[in-house]
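Colleague: sequence and predicted structure, then a few things I'm wondering about:
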Amino acid sequence: MPKLLENIKTLIAEFRQTQQTEAIPWVIDGKPNFARLISAGDGKYLRLSRKMVILIENFCGELKRNNTVLMRSYTDREWNDLFYSAIGPALAQIHPDNNLDASAETVLNTVRETLQQLRSNEDSCEYVFGCTLFENSDISTFEIGSVKFEPRITWLKRKKSEGDISEITARRVKRSWHGEKIRNRKTSIDSFREQNILDAVKTCPYVCTVQTKGLAPEAGRQKALMAARLAITSIAVRWPTPSSVLDGFNLLVDRSVRVQSFLSYVPGRNNLAGIKMKGLPFGPTIDPAEWRGLLSQHRAEYDSVAEVIELCTSPTGKVRRPKLTNALFQALIWFHEGCRENVDTLAVVKFVASLDALASGKGLSDICSLIEARLGMEKSDVIHVNGQTVHEAVKKIYNNGRSQTIHGTNDRLGHDWTSARLFSEHLSRRCLVACLDWAGNNQSGDDPSLLKNDRVEACSLT
């Protein structure tokens, strides 16, 4: 607090100088000293010097760094914009003859009160993303924490019943989704909303929605996207190779099917362009009853994922089991990123990072302990088709794959890493699923080290 008040006093002193045009040079070292204008309220504006901008941003950053909720609820840009809307009126009310110490206290208190009022407008928000998911569109609505997946027609009916979509818009959107050509509509707020829905969902058969509360708009959007990706990844792990499934499980804002064309010339041959399709239009087909059965059978895992999503979207970070949930959160993020990675070597790094998160970041030995505890395999057991033991196989992907690549010492970067990638994905998937299952069935613990110490039977991976 003393440092912050000293910063504010320096700011006020500089501000008083800037109000005396003749007292401050507006060009210093050939550069404009006038940095920006900010609103002071009532249609008035204040001129800021470069030094004032630096002092204000220090003030702004200090308030955010000392508040966990602000750190989680706002992007830096959102917080800066909000802060500038509060600091202008606070400075404008300072009388030039007032005591500097008293003025600093007044500015600090006024800014805090104004920010509190502005932040009180934050409310719950539902973010909506078009989603491909399964090939068949007859899967009933299901939820994983605050993330909901619905067939798009089901979502449309729900939003109409909740009053967020008008009868006319709902009818026209439905016709468009059925392939009918709809006539141009007279420009209005409702017509813009209609187009927004069509743009956000397009041809996606499913809609993914995420509920947030107490987050600024952009911070909320970012966290909602992350929560949706985590939920989709938790669905994909039901299949032996989640990365292949995730090629078809896509949020519209993230990925789409695309054709990559390339040219190659070989001397003495007639050459044509090469074509490769990237991504799939949808994921696997699954019977609705079978999917309901999987959700029920693996309820413990999805309860754990729901806790992870709660931590992801929480404005406070206060969840029931913060340490364990944070470890699972990071493991799930790294696993998702490994599945999405285009470069095989980097995918190995990310899958091993997922294992490392589950093993509390303690390295090779503890990853082996994790495998022993969760999968019931000793270090000397053969785990790889080439005869490698658990310890040998993990050492290769941990040392040669993860560590050497990160530190820039991997002299085999140009080798083919597809087999190592596939092995890393399968191993990290099995450990991730087993840890989610353990956390769901052991609700009282908040110690991530138990994941590698509390040995139980491995969970089913079907």
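Modeller: Nice, thanks for sending it over. Numbers count the residues shown, from 1 in each chain.
Colleague: hey, let's count contacts and neighbours off CA atoms from now on
Modeller: Fine.
Colleague: quick one: contacts for V319?
Modeller: Residues counted as contacts of V319 (C-alpha atoms under 8 Å, 6 or more residues apart in numbering) are 307, 310-311.
Colleague: could you dump those into a markdown table with distance to N136 and pLDDT added?
Modeller: Listed next are the contacts of V319 as a markdown table, based on distance: C-alpha to C-alpha, whole Å; pLDDT from 0 to 100:
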| residue | distance to N136 | pLDDT |
| --- | --- | --- |
| E307 | 28 | 97 |
| E310 | 29 | 97 |
| L311 | 31 | 97 |
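Colleague: restricted to helices, list the residues you listed.
Modeller: Judged by DSSP state H, those include 307, 310-311 as members of helices.
Colleague: highest neighbour count among these?
Modeller: Ranked by neighbour count (other C-alpha atoms under 10 Å), the ones in helices among the contacts of V319 have E307 at the top, with 25 neighbours.
Colleague: if I look at the nearest residue to that one once chain neighbours are set aside, how far off is Q443?
Modeller: Spatially, and ignoring its direct neighbours in sequence, E307 is nearest to T325 (6.6 Å; C-alpha to C-alpha, 6 or more residues apart in numbering). From T325 across to Q443, the span is 11 Å (C-alpha to C-alpha, to the nearest Å).
Colleague: and the two? Which one has more around it.
Modeller: Taking other C-alpha under 10 Å, T325 and Q443 do not tie; T325 has more neighbours (26 against 13).
Colleague: tell me the secondary structure at the closest residue to W291 other than its chain neighbours.
Modeller: In space, W291 comes closest to I139 once its chain neighbours are excluded; the distance is 7.8 Å by C-alpha to C-alpha, 6+ apart. What DSSP: H, G, I helix; E, B strand; the rest coil gives for I139 is coil.
Colleague: quick one: contacts for I139?
Modeller: Per C-alpha under 8 Å, 6+ apart, neighbours of I139: 150-151, 287-288, 291.
Colleague: which phi and psi does it have?
Modeller: Dihedral angles of I139 (phi, psi; degrees, to the nearest 10) stand at phi -80, psi 130.
Colleague: quick one: pLDDT of it?
Modeller: pLDDT for I139: 96.
Colleague: then T462?
Modeller: For T462, pLDDT reads 37.
Colleague: and the contacts of stretch 82-102?
Modeller: By C-alpha under 8 Å, 6+ apart, stretch 82-102 touches 9, 12-13, 15-16, 38-41, 45-46, 60, 103, 106-107, 110-111, 114-115, 118.
Colleague: before we move on, what about stretch 231-238?
Modeller: By C-alpha under 8 Å, 6+ apart, stretch 231-238 touches 144, 147, 242-243, 245-246, 249, 302, 305, 309, 332, 336, 429, 433, 461-462.
Colleague: can you get me a residue count around Q116?
Modeller: As a burial measure, Q116 scores 12 neighbours (other C-alpha under 10 Å).
Colleague: er, N441 I mean
Modeller: 15.
Colleague: need the nearest residue in space to it, chain neighbours excluded.
Modeller: Nearest non-adjacent residue to N441 (C-alpha to C-alpha, 6+ apart): A300, at 5.9 Å.
Colleague: now, of the contacts of I139, which are buried?
Modeller: Using 16 or more other C-alpha atoms under 10 Å as the burial test, the contacts of I139 include 150-151, 291 as buried.
Colleague: can you list these in JSON lines and add distance to W79 and secondary structure?
Modeller: Listed next are the buried ones among the contacts of I139 as JSON lines, based on distance: C-alpha to C-alpha, whole Å; DSSP: H, G, I helix; E, B strand; the rest coil:
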{"residue": "E150", "distance to W79": "34", "secondary structure": "strand"}
{"residue": "P151", "distance to W79": "36", "secondary structure": "strand"}
{"residue": "W291", "distance to W79": "42", "secondary structure": "helix"}
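Colleague: may I see the residues you listed arranged in a markdown table, with distance to D81 as well?
Modeller: Output for these, formatted as a markdown table (distance: C-alpha to C-alpha, whole Å):
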| residue | distance to D81 |
| --- | --- |
| E150 | 35 |
| P151 | 38 |
| W291 | 45 |
